[in-house]
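[1] Structure, please.
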Amino acid sequence: MKKQLLPIAILLAVTGTVKSQIAIGKPTVTNASVSLEFADTENRGFVLPYVETKTGITDNGTIIYDTTDYKVKYLKDSGTWTDLSVDDTGTANILIQTNKIESPTAKSVIGSAAATDSTPGILILSDTDKAMILPQVASPHLNIIDPAPGLMAYDTVKRQLAVYNGTVWTFWKP
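    Predicted coordinates:
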């Protein structure tokens, strides 16, 4: 009987400590409406997944770095990709990703539905009542040294989204 209860007790202890919110670069999440929150104390951004083909990507809200044309893109309206780069130079060093071996089943899910979420993707935020807060950097185009293509951050000076496509920064304001 003791041998059967021990694995159950361990499972309950682990299950009880799993959080649906994650803080990166800081000890705790400071906002109850956030699934993934980054520290605002460093000049770093969030690098998007590099994608060579968009075939099969159908979930609205997906954000990728498209290696075919070196652009950051956002999927909306079930198949309409919106370009967040707004740059046509098409030159970026993507060797940081292209030389890596990828596991097609690898993914991380953050949120209350993490155990049952079947959404395809590398990083899934499964909560329907929480968001992701991007890293907050003052003037990322000046303060992030050697940014990677596909990097995103929130510019705290201009109060807008900053996107680096490997060549130039673009800024998005609501």
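[2] Lowest average confidence across helices and strands of this protein, where is it?
    helix 2-17 (a mean of 36; mean pLDDT, DSSP states H and E).
[3] Direction included, what does whichever helix or strand comes after it pair against?
    Following helix 2-17 in sequence order, the next helix or strand is strand 22-24 (DSSP states H and E). Its sheet considered, strand 22-24 pairs with strand 34-38 (parallel) by DSSP bridges.
[4] which element follows the strand it pairs with toward the C-terminus?
    Using DSSP H and E, the helix or strand that follows strand 34-38 in sequence is strand 46-47.
[5] any idea of the mean pLDDT in that next one?
    For strand 46-47, the mean pLDDT works out to 80.
[6] Tell me the helices and strands packed up against that strand.
    Where contact means 3 or more C-beta pairs under 8 Å, 6 or more residues apart in numbering; DSSP states H and E, strand 46-47 is packed against strand 151-155. Every residue, glycine included, has its C-beta placed from N, CA and C.
[7] hmm, who's touching the strand it packs on?
    Residues outside strand 151-155 that contact it (C-beta atoms under 8 Å, 6 or more residues apart in numbering): 44-48, 63, 72, 133-141, 144, 160-164, 171.
[8] cutoff 7 Å now
    45-48, 134-137, 139-140, 144, 161-164, 171 (C-beta atoms under 7 Å, 6 or more residues apart in numbering).
[9] just how off-centre is the next helix or strand after it within its chain?
    Scanning forward in sequence from strand 151-155 by DSSP H and E, the next helix or strand is strand 160-164. Counting by C-alpha atoms, centre = their mean, to the nearest Å, strand 160-164 is centred 14 Å from the centre of its parent chain.
[10] Strand 160-164 vs strand 151-155, what angle?
    Strand 160-164 and strand 151-155 are oriented at 150 degrees to each other (axes from the mean of the first three to the mean of the last three C-alpha atoms, to 10 degrees).
[11] Does anything pack onto strand 160-164? Which helices or strands?
    Other elements packing on strand 160-164 under the criterion 3 or more C-beta pairs under 7 Å, 6 or more residues apart in numbering; DSSP states H and E are strand 151-155, strand 169-172.
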